[in-house]
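> Build me a model:
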Amino acid sequence: MSADTGNRVLFLVATPLRQSFDWILCKFHAMTPSTAPQITWDSPLDTPLSLPKITNHLCFARHYAVGVMDRGHWEDPDLTLLEKFSQAHFWEHRGPTCDPNLGGTREEQDVRSIEAVEFLW
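Next comes the predicted model:
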């Protein structure tokens, strides 16, 4: 089940905090382990429902980003999850001075750090 936004799939992802994000929480060691099962990035996706949902694994000390990808990439059975999410465009919220026009793709290590995904309607 994916968010129907025409030719795009819209979703929210959760990742652990890093020094570059929410540095004050990191400074106070507000890091908490994930409760989500590990995502198998190198395999095709049987169903979007098999991805861990953010709402089932809420955690205070997490970074969240909005992502969008072409529906054709999402529905391509020959692409692995890593390949699909590597082609997605992500936007981060980094505070009130953040430029909403800035966003981009993620490196492999950043995609692999995604712990949970929530599709948006």
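
> Which positions in stretch 83-96 come out as buried?
Neighbour counts over stretch 83-96 (16 or more other CB atoms under 10 Å) mark 83-88, 90-92 as buried. The C-beta positions use only the backbone N, C-alpha and C, and glycine is treated the same way.

> TSV for the residues you listed, including pLDDT?
Output for the buried residues of stretch 83-96, formatted as TSV (pLDDT from 0 to 100):
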residue	pLDDT
Glu83	93
Lys84	93
Phe85	93
Ser86	94
Gln87	92
Ala88	94
Phe90	91
Trp91	88
Glu92	77
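
> Can you pick out the most distant pair from those residues?
Greatest spatial distance among the buried residues of stretch 83-96 (CB to CB): Glu83 and Glu92, at 21.5 Å.

> What segments of this protein are helices?
Secondary structure of the chain (DSSP state H): helices located at 23-27, 71-75, 81-86, 108-112.

> Kindly format the C-alpha coordinates of the longest one as CSV.
Spelled out, that is helix 81-86. Output of helix 81-86 as CSV, limited to C-alpha atoms (Å, rounded to 0.1, in the frame of the first residue of the first chain):
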residue,chain,number,x,y,z
LEU,A,81,15.0,-1.6,-1.8
LEU,A,82,18.4,0.0,-1.7
GLU,A,83,18.2,0.9,-5.4
LYS,A,84,14.6,2.3,-5.0
PHE,A,85,15.4,4.4,-1.9
SER,A,86,18.8,5.6,-3.5
